[in-house]
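coords below, sequence missing:
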């Protein structure tokens, strides 16, 4: 077995330590998905949600009888970093899935009443409040729909 000279081992060890430290410092883009699912996180309506990991749903907020949730797709059905915004209203659930990255707005749902945007933990929320969005949860921005939309 060939041994490497010790002058190569030290830089290699420091490189590995740096990679591990950087990996450990970067957390999830949406930290609440790392928490245990509580009773309020479970959707009332669980039909027609093929592709969504129902054990991953997390309650974000309720506004005017509409509930907002975050979730992830079932393993293998979405790209890495894909998260979903779900809106549960009455007898139906609307959903939008998209990649979520720090500093960038995520899945967005627009309907006749509201625009809802899922936000990563690291995001400039001031820019959204300046645009008329309300933040009922750190990971959710809501704005009433434009008239005629």
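Happy to help now that I have it. As the structure is a computational prediction, the values presented were derived from the model and not from experiment.

quick one: the helices in the protein, in order.
6-25, 125-130 (DSSP state H).

so which elements touch the shortest one?
The contact analysis (3 or more C-beta pairs under 8 Å, 6 or more residues apart in numbering; DSSP states H and E) places helix 125-130 against strand 134-137. C-beta: built from backbone N, CA, C; applies to glycine.

what does the strand it packs on rub up against?
For strand 134-137, the surrounding residues in contact (C-beta atoms under 8 Å, 6 or more residues apart in numbering) are 60, 61, 63, 68, 125, 128, 129, 141, 142, 143.

just give me the neighbour total for the residue lying closest to the second one once chain neighbours are set aside.
Spelled out, it's residue 61. Once flanking residues are discounted, residue 61 sits nearest to residue 136: 3.8 Å by C-beta to C-beta, 6 or more residues apart in numbering. When neighbours are defined as other C-beta atoms under 10 Å, residue 136 has 15 of them.

one more: the one 3 residues further on?
Applying the criterion other C-beta under 10 Å, we find 26 residues in the vicinity of residue 139.

low-confidence ranges, this protein, go.
Along the chain, the parts satisfying pLDDT under 70 run over 1-28, 48, 76-79, 148-149.
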